[in-house]
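In: Got a predicted structure plus its sequence, pasted below:
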Amino acid sequence: MPDPWLRDAIAAINADFTRSADTHLVPVPLHALPQIKLYIKDESTHVTGSLKHRLARSLFLYALCNGWITRDTPVIEASSGSTAISEAYYARLLGLRFIAVVARSTSPEKLRRITQYGGECVLVDDPRQDRAHARALAAELGGHFMDQFTFAERATDWRGNNNIAESVFKQLADEPHPCPRWIVCGAGTGGTAATFGRYIRYRSYATEVCVVDPERSVFYEYFRTGEAGASPPGGSGVEGIGRPQVEPSFMPELVDHMIR
């Protein structure tokens with residue numbers, strides 16, 4: 001029989017989801033290019049204001065159902081800030097300690113929002129070491145390293161369950177072009193691109209996925225050549241997208257095109 005705490009924790013997350021509205025899909029007029037219809041999915045309207053709120057929910061449910069998080073488990077994450085904000089929110093909802101390992105260059109506003117939800121911040125000078133530091137901290141505290149960069153692509157139910165791909169296509173249903181030619185996104189973990197790529201194949205849509213990668217990130221070169229190459233220190237310069245190493249959740253076989 002499941003632990004009553006586990007049952008209550010999952011129920012609390014599901015209740016939070018039920019009382020939350022979906023995010024808007026906003027049409028953007030392009031007067032100079034009237035033949036193109038552009039829509040922006042505004043994930044900033046989640047309750048935390050974080051673009052990674054769906055991912056945080058999925059990661060918590062995945063860890064809970066795998067038995068990795070119990071009533072006394074500290075939760076540790078390596079993040080550029082956005083995922084940690086929402087994970088701090090869910091940790092507070094469940095009464096759990098949450099620690100975010102973030103680069104020292106992370107914006108003060110993101111750090112403030114993590115602590116606003118009861119999270120703690122550990123700053124590292126080299127963002128290439130964030131995962132190693134988080135893993136070591138979890139081992140030291142007897143906690144769980146959430147590891148969004150590994151589990152983003154598998155924690156999300158890519159067939160549906162209100163993932164971002166299902167949400168976008170439902171919201172496009174009554175538009176002039178309900179099946180878009182392109183979905184364009186960035187890559188931090190790679191999970192969003194993987195979810196879109198899988199969902200599009202699952203539904204047999206003709207849509208293709210384009211990922212935009214900033215300078216000083218390795219994803220583009222890995223997609224083009226299969227080799228990650230060396231990334232200069234200091235990160236991509238764009239919080240939330242681009243990484244100094246290829247992450248396990250980045251799946252180039254699900255991406256049709258990339259732009260740097």
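Out: Yep, that arrived.
In: what's the domain layout of this structure?
Out: Domain assignment of the chain by automatic domain parsing yields the ranges 52-146, 157-259.
In: any idea which of those is most buried?
Out: Ranked by mean neighbour count under mean count of other C-beta atoms under 10 Å, the domains of the chain are led by domain 52-146, which reaches a mean of 20. Just so you know, the C-beta spots here come from the backbone N, C-alpha and C atoms, and that holds for glycine as well.
In: How far off centre is it?
Out: 13 Å (C-alpha atoms, centre = their mean, to the nearest Å).
In: what's the average pLDDT for it?
Out: Averaged over domain 52-146, pLDDT sits at 96.
In: Quick one: end-to-end length of that domain, please.
Out: Start and end residues of domain 52-146 are separated by 14 Å (C-alpha to C-alpha, to the nearest Å).
In: what's the spacing between the residue of the chain most remote from its centre and residue 252?
Out: Seen from the C-alpha centroid of the chain, the residue lying at the greatest distance (C-alpha atoms, centre = their mean) is residue 32, 32.9 Å away. Separation of residue 32 from residue 252 (C-beta to C-beta, to the nearest Å): 33 Å.
In: Contact partners for residue 20?
Out: 46-47 (C-beta atoms under 8 Å, 6 or more residues apart in numbering).
In: Quick check, pLDDT for it.
Out: Residue 20 is given a pLDDT of 92.
In: Could you do the one 5 residues further on as well?
Out: At residue 25, the model reports a pLDDT of 98.
In: Model confidence score at the closest residue to it other than its chain neighbours, please.
Out: Sequence neighbours aside, residue 171 is the residue nearest to residue 25 in space, at 4.1 Å (criterion: C-beta to C-beta, 6 or more residues apart in numbering). pLDDT recorded at residue 171 is 98.
In: Was I right to think residue 171 contacts residue 23?
Out: No - with contact defined as C-beta atoms under 8 Å, residue 171 does not reach residue 23; the gap is 9.1 Å.
In: give the contact list for residue 57.
Out: 13, 16-17, 86, 90.
In: Helix, strand, or coil at it?
Out: helix (DSSP: H, G, I helix; E, B strand; the rest coil).
In: From residue 203, how far out is it?
Out: Residue 57 is 22 Å from residue 203, by C-beta to C-beta.
In: cool, residue 189 as well?
Out: Look at residue 189 and residue 203: by C-beta to C-beta, they are 22 Å apart.
In: Repeat that for residue 110.
Out: 34 Å.
In: In the chain, spot the helix with the most residues.
Out: helix 4-18 (DSSP state H).
In: State whether residue 121 is indeed within a helix.
Out: No - under the criterion used here (three-state DSSP), residue 121 is strand, not part of a helix.
In: does it really touch residue 102, like I thought?
Out: Yes - counting by C-beta under 8 Å, residue 121 touches residue 102, with 5.8 Å between them.
In: Overlap of the contact sets of these two?
Out: 84, 111, 114.
In: Name all residues that make contact with the last one.
Out: It refers to residue 114. 81, 84-85, 88, 100, 102, 120-121.
In: Closest to residue 48 out of those?
Out: Ranked by distance to residue 48 (C-beta to C-beta), these are led by residue 85 at 5.2 Å.
In: The closest one in helix, strand or coil?
Out: Three-state call for residue 85 (three-state DSSP): helix.
In: Can you give me every residue that contacts it?
Out: Applying C-beta under 8 Å, 6+ apart, the residues contacting residue 85 are 48-50, 52, 110, 113-114, 117, 119.
In: Let me have the residues you listed in JSON lines, extended by secondary structure and distance to residue 214.
Out: Conversion of those to JSON lines gives the following (DSSP: H, G, I helix; E, B strand; the rest coil; distance: C-beta to C-beta, whole Å):
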{"residue": "48", "secondary structure": "coil", "distance to residue 214": "24"}
{"residue": "49", "secondary structure": "coil", "distance to residue 214": "22"}
{"residue": "50", "secondary structure": "coil", "distance to residue 214": "19"}
{"residue": "52", "secondary structure": "coil", "distance to residue 214": "17"}
{"residue": "110", "secondary structure": "helix", "distance to residue 214": "17"}
{"residue": "113", "secondary structure": "helix", "distance to residue 214": "22"}
{"residue": "114", "secondary structure": "helix", "distance to residue 214": "23"}
{"residue": "117", "secondary structure": "coil", "distance to residue 214": "27"}
{"residue": "119", "secondary structure": "coil", "distance to residue 214": "26"}
